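*Asks:* Quick one, structure for this:
(one chain, ligands or ions: 1)
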Amino acid sequence: MLNIDLIRAQFPALLQSESGRPVVFFDNPGGTQCPRVVIEAVSHYLSADNANHGGAFATSQRSDAMLADAHVAMADFLGAASPREVAFGANMTSLTFSVSRALGRWLSPGDEILVTNLDHDANVAPWLLLAEDRGAVVRRVDIHPDDCTLDVESLSSQLSSRTRIVAVGYASNAVGTVNDVRRIVELAREAGALTFIDAVQYAPHAAIDVQALGCDFLTCSAYKFFGPHVGALYGRLELLERLTAYKVRPAGDQPPDKFETGTLNHEGIAGTRAAIEYLAGLGDEVPDGASRRARILAGMHALEEHERRLCQQLLEGLARIPGLRVWGIADPARLDERVPTVSFTMDRHSPREIAEQLARAGIFVWSGHFYALSLMTRLGLEPSGGLLRVGLAHYNTTDEVDRLLSELGRL
Ligand SMILES: Cc1ncc(COP(=O)(O)O)c(C=O)c1O
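*Replies:* Residues are numbered from 1 along each chain as shown. So this is what the prediction gives:
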């Protein structure tokens, strides 16, 4: 069980207040706050290790050692077999454009790519543009609009021997739905297609295991899981080795270097490693000498339990507010099918108006489309300003959820 007071004491940002009241951070799907160890790791890198690669001198060697260990840490975080399967980059979007461009060399006119109506546009637009360049055909997997779950039948029926790539999210950043990625990967593999998983929204909420999923590529962003603004890519080694990366010469042509174009955000990567260590420290009952992967699994499990309780409280409270409609899975008995990213609309108030009202009360939330453009169009929500999104993280408390519910009740 998480000791919330102890956890909150590690996040300096949580001490902020507005108009005399502590700020409530429910804007987490847009980016999370950082624990002190992350802030110190960034600061330490810039103070003591700041250098470019491959030098004969101490700072460069310390910097390279940190980068090597950060790859191991990220491989542990994702359950990857080797740190060579992990590349860091500016963010998920840039990594996805880079890999999709490289994959494009394997596409021929008439080949097909599946994207979904549930995804963030960062896992849609790169594939649309690639298809345009290569004469490929894009097919769209629909959702069940009543609970915003992915229509896996629609996915399955559109797979064929022409399908080359299936691009799908692990969890929706707009409505919180968790997709059955393992099943989707299985279906794609049977059809001979590669899978590209956007795990940006899933990563802060539950453990990822790329080997168990069997996916070919997976991306995430450290700033969504308590780290700095850095993106990470997992790619199956054999594929990363075979792909031709768009990079400068003579930069390394082995993975992961070939996908890490230019000089990386070293201080951000130092902070990312610290964020993973932070998550690995959250679990209790971890045996002495447990591996970092085992500690990560224990930490994520503890965090998940806490978030589920908060999510249940939130969904039950929202159900009692007249004129409020939750979009997505609203049944508190189905918490294992969603992350605690809960979006709703209210009669008589636009999402932006609600966000402004909550901001005045010191509660920070996002409103709008959150770049889940296809979903907003599919649900017909774009013209009315999209959704109001409450995104819980493990440092949130039951008191904060109560504060939100009472502010909404007053509306
Ligand atoms: C589900 C999802 N995918 C992709 C992205 C884009 O991530 P990045 O900012 O790292 O490019 C986001 C950002 O909000 C997201 O929530």
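
*Asks:* Run through the bridge partners of residue 166.
*Replies:* residue 114, residue 195 (DSSP bridges).

*Asks:* what's the neighbour count on it?
*Replies:* Residue 166 has 29 neighbours, counted by other C-beta atoms under 10 Å. For the C-beta atoms, the positions are set from N, CA and C on the backbone; glycine is no exception.

*Asks:* do the same with residue 208
*Replies:* Using other C-beta under 10 Å as the criterion, residue 208 is surrounded by 22 other residues.

*Asks:* Name the nearest residue to it, sequence neighbours excluded.
*Replies:* Taking C-beta to C-beta, 6 or more residues apart in numbering, and ignoring the residues beside it in sequence, residue 208 has residue 78 as its nearest neighbour in space, at 5.2 Å.

*Asks:* mind checking how far that neighbour is from the ligand?
*Replies:* Summarising the geometry, the distance separating residue 78 from the ligand, computed by C-beta to the nearest ligand atom, to the nearest Å, is 15 Å.

*Asks:* Spit out the contact partners of that residue.
*Replies:* In this structure, residue 78 makes contact with 86, 208-210, 218, 220, 232, 234, judged by C-beta atoms under 8 Å, 6 or more residues apart in numbering.

*Asks:* for residue 394, same thing?
*Replies:* Residue 394 makes contact with 2, 7, 204, 282, 303, 306-307, according to C-beta under 8 Å, 6+ apart.

*Asks:* any idea how far it lies from residue 279?
*Replies:* Counting by C-beta to C-beta, to the nearest Å, the gap from residue 394 to residue 279 is 9 Å.

*Asks:* now residue 254
*Replies:* As for residue 254, its distance to residue 279 is 29 Å (criterion: C-beta to C-beta).

*Asks:* same check, this time on residue 183
*Replies:* Computed with C-beta to C-beta, the distance linking residue 183 and residue 279 is 26 Å.

*Asks:* Compare these two (neighbour count), which wins?
*Replies:* Applying other C-beta under 10 Å to residue 183 and residue 279 shows that residue 279 carries more neighbours, namely 25 against 13.

*Asks:* any idea how far the ligand is from the more buried one?
*Replies:* The gap separating residue 279 from the ligand is 18 Å, by C-beta to the nearest ligand atom.

*Asks:* Can you tell me the element that residue falls in?
*Replies:* Assigned by DSSP states H and E, residue 279 falls within helix 266-280.

*Asks:* what helices or strands is that helix leaning on?
*Replies:* Applying 3 or more C-beta pairs under 8 Å, 6 or more residues apart in numbering; DSSP states H and E, we find helix 266-280 packed against helix 36-44, helix 58-78, helix 292-319.

*Asks:* tell me the angle that helix makes with helix 292-319.
*Replies:* 80 degrees (axes from the mean of the first three to the mean of the last three C-alpha atoms, to 10 degrees).

*Asks:* Let me see the mean pLDDT of helix 266-280.
*Replies:* Confidence for helix 266-280, expressed as mean pLDDT, is 98.

*Asks:* Mean pLDDT and distance to residue 382 for the helices and strands packed on helix 266-280 - can I get that in a markdown table?
*Replies:* Shown next, in a markdown table, are these (pLDDT from 0 to 100; distance: least, C-beta to C-beta, whole Å):
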| stretch | mean pLDDT | distance to residue 382 |
| --- | --- | --- |
| helix 36-44 | 98 | 36 |
| helix 58-78 | 98 | 33 |
| helix 292-319 | 98 | 22 |
